[in-house]
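Colleague: Only the shape, not the letters, is given here:
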């Protein structure tokens, strides 16, 4: 059925932004899937196969691209199957640095062909430490029981994700505390069981409005804990063309 | 050749009602849309499909926004009887929220909300010993040991304003309990009503080396810094709902409670006060309004 504007402007009457936006919203809905066959000019065929965008599947990243945008992602495949890691030895925390580093395997690169809304979902489960090395205050490191590993999404253009200046979204960083207490010399194991202090299971979602271009989104970390094993993880994107 | 022949608007043009109506009516004529309208100069290819359409998107930083914790905000636990006040997340001065907006969430639409926040529950002393949730158990030394079964926690949940853009009429989002139900002599909310809530332990209290159902020693730990997160999805029936604002609130401290048929979190009036508080540093709140079909 042909489009009918929901709001009609009247002469000498102030038009409201709500009415105009309502007309635009209805038009957007119509153009996306409200068009019926009877609305189309039929005297001469004009839609050919080359006008239909071919779907694209990226099996390595687990992504598919079609007329609505990008969808898909990847995961660790189960506990320890593709476990990844982070470490204070790489972030330089023990030397007083606050350097963020990528979490291996979690990046997704994609190209938007027009403006889109990006929704990046991420999840991880990790064990942090135990780390009982360095005394309090060494190299600016917090006390053993206050050390944490931050994991956050990062997002940027392809070039900006290289080098050490990570485009981290630091406000979205989520912490998991070190297995404080260090090593138990009697039991030869972490002093606290992970059942008690938690496995650091976290999740989050990053939302951005983007224009056409090539982007990278993934996970990065700043760790004050010497060894952090990320046992399970998953990342996925929805990028809906607007 | 395109049927839409109206010249584009340029700065300085006067737009009257007739002109505006004509521009929308350009799309209203049946059996005439062609490649110029729908392909070559149109909105590109998404209109050929029928899937999610994103109408609106908003995201804000929650709290002071300093991951290095140079600035923190504290929420003091409720020490009174009755419903715990909902304390909105701020940057220390102003609420950090989404709004004012005016999103019409109609039937067939979906509102998706995501939030995360870095928090640290703090306490001094042993507040659980005053709680009615403290129980006495047999221990492995043939004596008894006191141990809390309160599962004390803070709640981080979502509110929205669906009244108007003044943002003075905040209520819990659809399906989220306001934690005002009477449960025996307590006040709280049912777990099945926690549709947009995240639970943060107030402290960790555990037993070690228990044997044959008898308690070993007990141990308490601070929770330390903690990444909390939550989601909310809303798909209304007719009529739809207009959403003017969305915010995150923090309240507590709650303990486990129950009726014969329902599990609850209820205010523990025996704990709370200035010595038990929740710190937060940074987080994000995102909302997306989409049409599903």
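Modeller: Thanks, I have it. Source: prediction; values computed, not measured.
Colleague: The strand or helix carrying residue B:22: which residues count as buried?
Modeller: Element membership of residue B:22, judged by DSSP states H and E, is helix B:17-25. Within helix B:17-25, the residues scored as buried using 16 or more other C-beta atoms under 10 Å in any protein chain shown are B:20, B:21, B:23, B:24. Bear in mind the C-beta positions are built from the backbone N, C-alpha and C, glycine included.
Colleague: Also stretch B:262-282?
Modeller: Across stretch B:262-282, burial judged by 16+ other C-beta under 10 Å covers B:264-272, B:276-282.
Colleague: do stretch B:170-182 as well
Modeller: Neighbour-count burial for stretch B:170-182 flags B:170, B:172, B:173, B:174, B:176, B:177, B:179, B:181 (criterion: 16+ other C-beta under 10 Å).
Colleague: Kindly report the same for stretch A:122-141.
Modeller: By neighbour count on 16+ other C-beta under 10 Å, the buried set for stretch A:122-141 is A:122-132, A:134, A:141.
Colleague: Can you flag which of those belong to strands?
Modeller: Under the assignment DSSP state E, the buried residues of stretch A:122-141 contribute A:122, A:123, A:124, A:125, A:126, A:127, A:128 to strands.
Colleague: Skipping its backbone neighbours, what lies nearest residue B:72 in space?
Modeller: Among residues not flanking residue B:72 along the chain, residue B:279 sits closest, at 4.8 Å (C-beta to C-beta, 6 or more residues apart in numbering or on different chains).
Colleague: In chain A, which residue sits closest to chain B?
Modeller: At 2.3 Å from chain B, residue A:174 is the closest residue in chain A, using C-beta to the nearest C-beta.
Colleague: partners of the nearest residue to that residue once chain neighbours are set aside in the sheet?
Modeller: Spatial nearest neighbour of residue A:174, chain neighbours left out: residue B:227 (2.3 Å); criterion: C-beta to C-beta, 6+ apart. Judged by DSSP bridges, the bridge partners of residue B:227 are residue B:118.
Colleague: count of residues packed around residue B:227?
Modeller: 24 (other C-beta atoms under 10 Å in any protein chain shown).
Colleague: That one and residue B:128: what is the separation?
Modeller: As judged by C-beta to C-beta, to the nearest Å, residue B:227 and residue B:128 stand 24 Å apart.
Colleague: Over to residue B:118?
Modeller: Plainly put, residue B:118 is 24 Å away from residue B:128 if you go by C-beta to C-beta.
Colleague: and if you look at residue A:188?
Modeller: 32 Å.
Colleague: Show me which of those two is the more surrounded one.
Modeller: Shown here are residue A:188 and residue B:128; by other C-beta under 10 Å, residue B:128 has more neighbours (24 against 7).
Colleague: Please enumerate the helices of the stretch 1-150 of chain B.
Modeller: All helices of the stretch 1-150 of chain B, identified by DSSP state H, counting those that start in this stretch, fall at B:17-25, B:35.
Colleague: Export the ones you listed to CSV and append columns for mean pLDDT and distance to residue B:197.
Modeller: What follows is the helices of the stretch 1-150 of chain B, written out as CSV (pLDDT from 0 to 100; distance: least, C-beta to C-beta, whole Å):
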stretch, mean pLDDT, distance to residue B:197
helix B:17-25, 84, 43
helix B:35, 64, 51
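Colleague: Quick one: low-confidence residue ranges for the stretch 151-293 of chain B.
Modeller: B:293 (pLDDT under 70).
Colleague: which bits of it sit near chain A?
Modeller: B:204, B:206, B:221-229, B:231, B:282-284, B:286-288, B:290-291 (C-beta under 8 Å from any C-beta of the partner chain).
Colleague: Filter those down to the ones in helices?
Modeller: Among these, no member falls in helices (DSSP state H).
Colleague: Just the buried residues of these.
Modeller: Neighbour counting with 16+ other C-beta under 10 Å marks B:204, B:206, B:221-229, B:231, B:282-284, B:286-288, B:290-291 as buried within those.
Colleague: chain center to the worst-scoring helix or strand of chain A on mean pLDDT: distance?
Modeller: Among the helices and strands of chain A, helix A:194-197 carries the lowest confidence by mean pLDDT, DSSP states H and E, at a mean of 80. Averaging C-alpha positions (C-alpha atoms, centre = their mean, to the nearest Å) puts helix A:194-197 27 Å from its chain's average.
Colleague: dump the residue contacts of the residue nearest to residue B:249 when sequence neighbours are not counted.
Modeller: For residue B:249, ignoring the flanking residues on the chain, the nearest one in space by C-beta to C-beta, 6+ apart is residue B:86 at 3.9 Å. By C-beta atoms under 8 Å, 6 or more residues apart in numbering or on different chains, the contact set of residue B:86 is B:157, B:159, B:170, B:249, B:250, B:251.
Colleague: which of the residues you listed tops the neighbour count?
Modeller: When neighbours are taken as other C-beta under 10 Å, the top entry among the contacts of residue B:86 is residue B:157 (26 neighbours).
Colleague: Not counting its neighbours along the chain, what's nearest it?
Modeller: The shortest distance from residue B:157 to any non-neighbouring residue, by C-beta to C-beta, 6+ apart, is to residue B:197 (4.0 Å).
Colleague: Now do the same contact list for the one you found.
Modeller: B:155, B:156, B:157, B:158, B:176, B:177, B:230.
Colleague: what number of residues lie near the first one?
Modeller: By the criterion of other C-beta under 10 Å, residue B:155 has 23 neighbours.
Colleague: ok, back up a step: against residue A:203, how distant is the residue of chain A closest to chain B?
Modeller: 9 Å.
Colleague: residue in the stretch 101-250 of chain B nearest to chain A?
Modeller: In the stretch 101-250 of chain B, the residue that lies nearest chain A is residue B:227 (2.3 Å; C-beta to the nearest C-beta).
Colleague: isn't that residue right up against residue A:172?
Modeller: No - look at residue B:227 against residue A:172 with C-beta atoms under 8 Å: they stay out of range, at 9.1 Å.
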